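Participant: got a structure for you, letters missing:
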């Protein structure tokens, strides 16, 4: 449960080193600082009208400024007013020259979030999505110059730091080491170096000193709470969150504190606050939303007082829709264990989400996907694929499965190598315990000795489906501070087990696979496992016009006796698949049409004509696909096609004297082409085949838009022939 709640903090801001500003930017900063230092000296020397220019150079009247005479940090306008009031005449001051070689540069990076699966507490289960928040550039730089301001007549000397904002080309602070902004920048640096205790102390100092900049205070609280979470100091995180008055931080850290205490009644207020925030606050990022949805889904399953399966399913599906592999695996776990009643998930929803999690690279899903392929679908080739992924991700149970199948396929040396590797360290025992705990079943092996027996040539006992020994409902890794993969059946401590002495457990000794056929039957005509949704397409297309009047109909192209106008079609094809073979056939395509008439002669010479058109085409088709195998599918489709002409032109070219050329730049509805409109909608139908990743489409369409410029007849634009070749990936 704790691991689920820790997902809420997976994307709190981290900082990393980025490149330095350019030499030109450094020189610009140096020049700006020298200019401000010079104006300050002149201001103290009696040029009191310089204050307006100083404010402009420093970024405004509210720029932080250390008052040498009161010992307080205040706004620049307050400091200069103090000087005017108490030193009406000239007061000599000298500021040492800023040195670019000794300046310090702080980076506010442009961040990107990448995740990798691993662990943070030395365990052998790579079930934690660790967020690597890396700097891919710099959104801003702060160049800090050290200077000393002297007042010879007053015998006052103050070391100061002048902070230059590279992005806005302004001085943002003239302060001492103890200023709020310097503390903030030093705290960020400590955070980036994972010195969380120092970072928290500096953030707290910055918060205490900063009274005017709410944005800076908010960032300080966010990072301080984050640092406390990474230290597993949840009480400190909660205390800081309360001071921040940020409901999201309060809800997250409150849930963590009460999870430590194991009191579901005390968790509830924070869970309900989190629900309110996530449904009303629009500035949460995807990672925070996923963590919140998973936490709420788990809470509404596990809490006996607030148990609400409909809400639980809704939140888990939301996280899944956002691409959370952990949520998809969690749906599988709840579905498999029947922690959520039948009917709340669609048939085979758990298995579907399991494979989606595996496709997203989620290590705990690899082994289970392999078991399903091997034991349910009898597809050892696909099973081998998942076992190999599990093995190469460091999963010891995956190594056992992979090695076993390699040995069975005749690759004994390689297989035994993986079996021996699975025995290294204590990962095998940890992972057997993990699978037994979250799924109440043994993942083929129950002990290290069984692997040793396999190496000795003894036939292993298929342990899949054997009910595991009851385990206490607690996380495998009770303190890991990163995005989790799956909880450990938290419902065991919150409600009675679904099964009883008179019920058949979902994973029983009597089954060889461990999965009930009711729950995991293969649906009718499902998409192939490695179905490719999108691809690039190129093809031939032709259009013609059909005129109808008085019960008669004729079809024609542009020129006399021509039947069609030929074109080239290129674009992106998109074909998502649903259940039972149904799906969509859509995409976006560019079409280029060109036709040239024959050379004609008359009394004035020889000439020819041509027409060209550029257009966009959007098909919206319902598709039915017969999924015979991964190598071959046959499909049919029908629906609406939408065409939008981008440009169309006509030329008549005199081959002897171009002074007599005629051009119509826009033919749509022109006098020469009155029955040709820019927009068209068509009823379309067609069929196709796919062989592995190569697909052929054949289609035709009947125009639905009457393009006629007259009430006496109707004209429709058809595509009488179209075929395309697509490469799907």
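Facilitator: Nice, thanks for sending it over. Worth saying up front: this structure is predicted, and the values here are computed from it rather than measured.

Participant: residues near residue 88, how many?
Facilitator: For residue 88, the count of nearby residues is 10 (other Cβ atoms under 10 Å). For the C-beta atoms, the positions are set from N, CA and C on the backbone; glycine is no exception.

Participant: Please tell me how far it sits from residue 296.
Facilitator: Taking Cβ to Cβ, to the nearest Å as the measure, residue 88 falls 64 Å from residue 296.

Participant: Residue 568 now?
Facilitator: Separation of residue 568 from residue 296 (Cβ to Cβ): 52 Å.

Participant: Settle it for me: which of these two has more neighbours?
Facilitator: Set residue 568 next to residue 296 and count neighbours by other Cβ under 10 Å: residue 296 wins out with 26 against 13.

Participant: quick one: that one and residue 315 touch, right?
Facilitator: Yes - counting by Cβ atoms under 8 Å, residue 296 touches residue 315, with 4.4 Å between them.

Participant: Could you pull out the residues contacting both of these two?
Facilitator: Here residue 296 and residue 315 have no joint contacts, going by Cβ atoms under 8 Å, 6 or more residues apart in numbering.

Participant: Return the distance of stretch 368-376 from the chain's centre.
Facilitator: Averaging C-alpha positions (Cα atoms, centre = their mean, to the nearest Å) puts stretch 368-376 28 Å from its chain's average.

Participant: Buried ones in whatever helix or strand residue 538 lives in, by neighbour count?
Facilitator: In this assignment (DSSP states H and E), residue 538 forms part of strand 534-549. For strand 534-549, burial by neighbour count (16 or more other Cβ atoms under 10 Å) applies to 535, 537, 539, 541, 542, 543, 544, 545, 546, 547.

Participant: thinking the second one is in contact with residue 568, fair?
Facilitator: No - using Cβ under 8 Å, residue 537 makes no contact with residue 568, being 11.3 Å away.

Participant: before we move on, the earlier item: what strands flank the strand holding residue 538, and is each parallel or antiparallel?
Facilitator: Paired strands of strand 534-549, with direction, are strand 552-556 (antiparallel), strand 565-574 (antiparallel), strand 714-728 (antiparallel) (DSSP bridges).

Participant: Closest one of the buried residues of strand 534-549 to residue 105?
Facilitator: residue 535 (46.7 Å; Cβ to Cβ).

Participant: Which pLDDT value goes with that closest one?
Facilitator: pLDDT for residue 535: 95.

Participant: Looking at strand pairing, list the partners for it.
Facilitator: Here residue 535 sits in beta bridges with residue 573, residue 728, going by DSSP bridges.

Participant: residues in contact with it?
Facilitator: Residues near residue 535 by Cβ under 8 Å, 6+ apart: 572, 573, 693, 695, 726, 727, 728, 729.

Participant: what about the fourth one, how many neighbours?
Facilitator: Same thing as residue 695. Counted with other Cβ under 10 Å, the neighbours of residue 695 add up to 21.

Participant: doesn't residue 147 make contact with residue 157?
Facilitator: No - between residue 157 and residue 147 there is no contact under Cβ under 8 Å: 11.1 Å.

Participant: Of these two, give the one with the bigger neighbour count.
Facilitator: For residue 157 versus residue 147, the count of surrounding residues by other Cβ under 10 Å is larger for residue 147: 17 against 13.

Participant: Quick check: which element contains that one?
Facilitator: strand 128-151.

Participant: Residue 632: neighbouring residues, count only.
Facilitator: 13.

Participant: Report the beta-bridge partner residues of it.
Facilitator: Listed beta-bridge partners, residue 632: residue 691 (assigned using DSSP bridges).

Participant: So that it lines up with my notes, have the first residue be 17 from now on.
Facilitator: Okay, using 17 as the starting number, the last item reads as residue 648.

Participant: surely it meets residue 709?
Facilitator: No - the criterion here is Cβ under 8 Å, and residue 648 misses it with residue 709 at 11.8 Å.

Participant: can you give me the mean pLDDT across the next helix or strand after the strand holding residue 163?
Facilitator: Next along the chain after strand 144-167, taking DSSP H and E as the criterion, comes strand 172-181. The average pLDDT within strand 172-181 is 93.

Participant: just how off-centre is strand 172-181 within its chain?
Facilitator: Its chain's C-alpha centre and that of strand 172-181 lie 42 Å apart, by Cα atoms, centre = their mean.

Participant: pLDDT-wise, which helix or strand of the chain ranks last?
Facilitator: Taking mean pLDDT, DSSP states H and E as the measure, the chain has helix 533-536 as its least confident helix or strand, at a mean of 36.

Participant: what are the ranges of the strands in the stretch 517-666 of the chain?
Facilitator: In the stretch 517-666 of the chain, the strands defined using DSSP state E, counting those that start in this stretch lie at 550-565, 568-572, 581-590, 598-612, 616-618, 621-643, 648-670.

Participant: if you average pLDDT over each of these, which comes out lowest?
Facilitator: Set side by side, these give their lowest mean pLDDT on strand 616-618, at a mean of 78.

Participant: Can you give me the buried ones in that one?
Facilitator: Within strand 616-618, no residue counts as buried by 16+ other Cβ under 10 Å.
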